[in-house]
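**Student:** have a look at this prediction, sequence included:
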Amino acid sequence: MDEPDRWRHMASAPKDGSRILVTVRPSEQGPAEVDLVYWSNGDQFGADGWRASDSSPGRVVEYAEPELKCWMPMPSVSRASTPTPWEGDDDQELDGSGI
């Protein structure tokens, strides 16, 4: 993928089951954070949606669409650290000003 270290709108996230990084919006449970997720087409454990990669049968961690702010592909193996969560005020900033 081109520009792997760039945050992108969730609308463009792949829904093919591949694992991606997402920024989880801050909430009353805590500040924004980065998590590793994948799209699940649904099964006996839950409906279609984003699941945390550390989910397991009987302990599925699902994210509602509004909880996820943006995504990026998994960094290459040579990358030393995980990216920091997106902290912009406006989702429009993710892909430029739109001008």
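**Tutor:** Cool, the structure landed. Numbers count the residues shown, from 1 in each chain.
**Student:** Glu87 touches Ala32, doesn't it?
**Tutor:** Yes - between Glu87 and Ala32 there is a contact under C-beta atoms under 8 Å: 6.7 Å. C-beta here means a position set from N, CA and C on the backbone, and glycine is covered the same way.
**Student:** neighbour count winner among those two?
**Tutor:** Neighbours per residue, other C-beta atoms under 10 Å: of Glu87 and Ala32, the larger number sits with Ala32, 14 against 10.
**Student:** what sits against the more buried one?
**Tutor:** Residues near Ala32 by C-beta atoms under 8 Å, 6 or more residues apart in numbering: Thr23, Val24, Arg25, Pro26, Lys69, Pro85, Trp86, Glu87.
**Student:** now the closest residue to it other than its chain neighbours: phi and psi?
**Tutor:** Excluding its sequence neighbours, the residue lying closest to Ala32 (C-beta to C-beta, 6 or more residues apart in numbering) is Pro85, at 3.9 Å. Backbone torsions of Pro85, given as degrees, to the nearest 10, read phi -60, psi 150.
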